[in-house]
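Participant: Give me a 3D structure for the following:
(chains A, B, C and D)
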Amino acid sequence: MPTTQLEVENLHLWRAERHVLRAVSFRLAAGQCLKVTGVNGAGKTTLLRAVAGLAYAEEGTVRWCGQDVRRDLRTFHAAMIYLGHEPALKADLTARENLRYWIGTRNRFAESELDAALARTGANSIADRPVRTLSAGQRRRAALAGVILSGAPLWLLDEPATNLDTAGQALVGSLIAEHVGRGGLVMAVVHHELPGLVTATQLELAA
Amino acid sequence: MREFLDMGGYAAFVWPAYAVTAAAFLYNWVGARRALREARAAARRRLAAGEGA
Amino acid sequence: MTFTWFHRLGSPPYVYGLAQRLAPWCAGSALLLLLAGLWGGLVLAPPDYQQGDGFRIIYVHAPSAWLSLMVYTTMALAAAVGLIWRIKVAHAAAAACAPIGASFTAAALVTGALWGRPMWGTYWQWDPRLTSELILFFLYLGYMGLRASIEDTQRADRASAVLAVVGVVNVPVIHYSVTWWNSLHQAPSVMRLAKPTMATSMLVPLLIMLLAFTLFFVAMLLVRLQAEILRRERASTWIREALKR
Amino acid sequence: MSTPAISDLSPPLLAPGTTRARSTAAAWLALRRDLKLAFRKPAQLVQPLAFFALVTLIFPLAISPELSQLRQVAPGALWAGALLASLLALEFLFRDDAQDGTLEQYVLSGQSLTALIFAKTCAHWLLTGVPLALVTPAAALALGATLDSVPGVLAAVVLGTVTLSLLGAIGAALTLNLKRSSALLSLLTLPLALPVLIFGARAVQQAIAGGSYLAPLEFLAALAVLSVTLAPLAAAAAVRISLE
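Facilitator: Below is the predicted model:
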């Protein structure tokens, strides 16, 4: 029986002449969190993008629930949400409108669920302001609300706590812990320790 | 021979046409050989660098 | 069996070795055929009853024009194979095709203009064949321009492959529309490339030249293919062996 | 041996209570998002139109204010202007979305990227092609065409810009994230757009001359159908590659 898990095997990726990912392998099962660490330029973001299918790995496989994701990328993508450096929000729309469009292309949700997600990340008070008027931390909170709203079991987060204050960092830690507690999977690139996140396994990439 | 080179009065068009085509051949010949030579040299450098590391 | 054949053609060391062995043979036979074709076309074939000796341009123009289109199609096919099955060697072949095709397209344009001067009285005529050839030249330029502006070879391969496939779908559309456009504005062209009733002594050298040009293309493709494979290959063991040869 | 329940076999895609949006719904949403964004920044919409008006203004100044002479060059002038204006507008097609990560999220949405890209291109056509088509008859009148020519000119530009937008989407996707992309974009797109120019100019010419413009219009429609079916596939593939 296929179990909910992400298996990455022997991933190799080159950027021009540079061998960025050298035989990266790991397994992430339901209810687990993987912290990806390493110095700048070690390929953390690249690894995340390669797993998501955004960067093209020349060798190696990524399996989701036992299936090579290249055979059915859309199913895999529906099951994961990726939050990159840029929070993917349009400056001219409000945070609420942004989530309606961004998450709305993925799955259906009720307005009350949207409110709940915004409230959970503390973004409800700023939800109706255009994103251009928000601070970087507020944008990050709005984007995190999107992650919750997507209902995806697999979260791929690239430095989710950037630009957040201490309370915000604690929030990210508790969101991840909650998600993992529900049987979700989290793969996160982190620079700093996230408070409240103790159960994670660590993957250290060498430069 | 003279007659041949004259091409029945069309020499001004026939020979340049052949010359241009010859130039295309030459360009390909030289270009392909140079590309291969450079690629081999680059591969050698890469191998040497790989051994040094 | 067909699968193993296909599989082997996807293996860089195998193709590299094959190209290395075949290239001299192709180049040699191209040279011999070229000499034979030139002798036949310039000396043996009689002057045309209308165009005199001016028609002899056909022996370089028609094969160049043939190559320009054939190479583009080959390039697009290789690109499609590379894109669909993610075969590096196919991308390498597509990359090797572009400069060869572009140079013969340029040759076809210039020889066409040189032929046009005595026939039409002007170097450039908006004749459908020449116009299509000019557009094809721009397609080549675009392909090479895109390739040159992407640094990463992998990405350049895949992006330019999409362009080549889009281009090859468009080539017949472009040719058809140019012909249609031309038929509105002037009488059919006087350039008689595909005259079915060509005398044998004129036709045979043309066929020989077509074959010679094609073989020359194959030879140059094989040489450039080796270079392109080396640029893409990172497994060092077989390269070390290959570089000794 | 007991048969496992279906829920055991299919791994959980989404949290309980969450349902995937249909691809058509997603595409519709993408279209509406682009329209809404465009109307919050109307300056971008006006630019290509102003450019088009300027190009058509060049011709009377460069050739002659004589309407009978202008009528001769009107088809060429209108189409050259339309081609360049839609080329100019193409740069906006993916640029903002690529910069802020929206395009990445489209790729990762679990929906058909082809459908989403098609939706984006539709929005682009509605925002640039249609206004252009609405302005062209006015420009044609200024270049000496009669009122009778308006339906023909309008139909030709509407149909032609469909193909221009779709072909342009491929070029724009391929040149995404590249330096000096605008010159390259023209080099890639213009040769492919020549059939549109040929049939479009002929249709406009016939419309102005009072002849039957049905034949070139049919060709334009055929080109539009061909590009609607094939171009989104190529553009989606190009977007994927460009984001790598």
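
Participant: going forward, measure contacts and count neighbours with C-alpha atoms only.
Facilitator: OK.

Participant: Could I get the pLDDT score of the residue in chain A positioned nearest to chain B?
Facilitator: Residue nearest to chain B within chain A (C-alpha to the nearest C-alpha): residue A:17, separated by 9.3 Å. For residue A:17, the pLDDT comes out at 73.

Participant: And the strands in chain A?
Facilitator: For chain A, applying DSSP state E gives strands covering A:5-15, A:18-29, A:33-38, A:59-64, A:67-68, A:80-83, A:107-108, A:154-158, A:185-189, A:201-205.

Participant: Make CSV from these and add mean neighbour count to it.
Facilitator: Below are the strands of chain A laid out as CSV (neighbours: other C-alpha atoms under 10 Å in any protein chain shown):
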stretch, mean neighbour count
strand A:5-15, 19
strand A:18-29, 16
strand A:33-38, 21
strand A:59-64, 20
strand A:67-68, 16
strand A:80-83, 24
strand A:107-108, 22
strand A:154-158, 25
strand A:185-189, 25
strand A:201-205, 15
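
Participant: Which one of the ones you listed lies nearest to chain D?
Facilitator: Checking these against chain D by C-alpha to the nearest C-alpha gives strand A:107-108 as the closest, at 4.1 Å.

Participant: Direction included, what does the closest one pair up with?
Facilitator: Applying DSSP bridges, strand A:107-108 is found paired with strand D:19-20 (antiparallel).

Participant: Pull the residues that contact the partner strand.
Facilitator: A:78, A:106, A:107, A:108, A:109 (C-alpha atoms under 8 Å, 6 or more residues apart in numbering or on different chains).

Participant: which two from these end up farthest apart in space?
Facilitator: The span of the contacts of strand D:19-20, defined through C-alpha to C-alpha, is set by A:78 and A:109 at 14.5 Å.

Participant: When these two are compared, which one has more neighbours?
Facilitator: Taking neighbours as other C-alpha atoms under 10 Å in any protein chain shown, residue A:78 and residue A:109 compare with residue A:78 leading, 23 against 19.

Participant: and that one, what is it in contact with?
Facilitator: Neighbours of residue A:78 in contact, by C-alpha under 8 Å, 6+ apart: A:106, A:152, D:13, D:14, D:20, D:108, D:109, D:110, D:111.

Participant: partner residues bridging the fifth one?
Facilitator: Spelled out, that is residue D:20. Under DSSP bridges, the beta-bridge partners of residue D:20 are residue A:107.

Participant: Please, which helix or strand holds the closest residue to residue C:125 other than its chain neighbours?
Facilitator: Among residues not flanking residue C:125 along the chain, residue C:116 sits closest, at 7.4 Å (C-alpha to C-alpha, 6 or more residues apart in numbering or on different chains). According to DSSP states H and E, residue C:116 maps onto helix C:88-120.

Participant: For that helix, buried residues please.
Facilitator: Neighbour-count burial for helix C:88-120 flags C:88-119 (criterion: 16 or more other C-alpha atoms under 10 Å in any protein chain shown).

Participant: Might you quantify the distance of that helix from its chain's geometric centre?
Facilitator: 6 Å (C-alpha atoms, centre = their mean, to the nearest Å).

Participant: Quick check: what element follows that helix along the chain?
Facilitator: Assigned by DSSP H and E, the successor of helix C:88-120 is helix C:128-149.

Participant: List the buried residues of that next one.
Facilitator: By 16+ other C-alpha under 10 Å, the buried positions in helix C:128-149 come out as C:128-147.

Participant: Extract the CA atoms of it and return them as CSV.
Facilitator: Presented in CSV, the C-alpha positions along helix C:128-149 are these (Å, rounded to 0.1, in the frame of the first residue of the first chain):
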residue,chain,number,x,y,z
PRO,C,128,8.0,33.5,-53.4
ARG,C,129,10.9,31.2,-53.2
LEU,C,130,13.4,33.8,-52.4
THR,C,131,11.1,35.5,-49.9
SER,C,132,10.5,32.3,-48.1
GLU,C,133,14.2,31.6,-48.1
LEU,C,134,14.8,35.1,-46.5
ILE,C,135,12.2,34.4,-43.8
LEU,C,136,13.8,31.0,-43.2
PHE,C,137,17.1,32.8,-42.7
PHE,C,138,15.5,34.9,-40.0
LEU,C,139,14.1,31.8,-38.4
TYR,C,140,17.7,30.5,-38.2
LEU,C,141,18.9,33.8,-36.8
GLY,C,142,16.2,33.8,-34.2
TYR,C,143,17.1,30.2,-33.2
MET,C,144,20.8,31.0,-32.9
GLY,C,145,20.1,34.3,-31.1
LEU,C,146,17.9,32.6,-28.5
ARG,C,147,20.5,29.9,-28.0
ALA,C,148,23.3,32.4,-27.6
SER,C,149,21.4,34.5,-25.0
